[in-house]
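Peer 1: quick check, what structure comes out for this input:
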Amino acid sequence: MPKLVARDYSTQFASKHMRKDLEIVERAAQKLKVFTPLSALAVQIYRATEGMTHSEEDFSSVLEVYRKSSGRG
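Peer 2: Model prediction:
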């Protein structure tokens with residue numbers, strides 16, 4: 001939690017890798033015809049995170065999507 005408060009997004013697991021893994025989950029779910037609305041939403045959020053130039057930062061940088069969309073960025 002202290003890293004989030006300090007906005008320390010030093011990479012332990014990059015956002016781009018989280019997005020990639022979530023896309024793998026999404027493709028597998030589609031193949032199996034399984035409804036996974038939360039993973040589909042997570043993919044969209046991580047794509048937004050990457051669009052905000054946080055793809056190389058830790059996956060916790062997803063918090064910036066919420067900060068900026070709430071006007072607190």
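Peer 1: now do the top helix by length along the chain: everything it contacts.
Peer 2: Determined from DSSP state H, the single longest helix within the chain is helix 15-32. The contact list for helix 15-32 (CB atoms under 8 Å, 6 or more residues apart in numbering) reads 35-36, 39-40, 42-43, 46-47, 49-50, 54-59, 61-62. In short, each C-beta sits where N, CA and C put it, glycine included.
Peer 1: go again using 6 Å as the cut-off
Peer 2: With contacts defined as CB atoms under 6 Å, 6 or more residues apart in numbering, helix 15-32 is touched by 36, 39, 40, 42, 43, 46, 49, 54, 55, 57, 59, 61.
Peer 1: quick check: pLDDT value at the closest residue to the first one other than its chain neighbours.
Peer 2: Right, residue 36. Using CB to CB, 6 or more residues apart in numbering and skipping residues adjacent in sequence, the residue nearest residue 36 is residue 29, 4.3 Å away. Here, the pLDDT recorded for residue 29 equals 97.
Peer 1: give me the neighbour count for residue 29.
Peer 2: Residue 29: 15 surrounding residues under other CB atoms under 10 Å.
Peer 1: OK, contacts around residue 57?
Peer 2: By CB under 6 Å, 6+ apart, the neighbours of residue 57 are 9, 11, 15.
Peer 1: what's the local residue count around the residue lying closest to it once chain neighbours are set aside?
Peer 2: Excluding the flanking residues, the one nearest residue 57 by CB to CB, 6+ apart is residue 9, at 3.9 Å. Close neighbours of residue 9, defined as other CB under 10 Å, add up to 20.
Peer 1: ok, residue 9 touching residue 58?
Peer 2: Yes - using CB atoms under 6 Å, residue 9 is in contact with residue 58, at 4.6 Å.
Peer 1: now do the contacts for residue 9.
Peer 2: 57, 58, 61.
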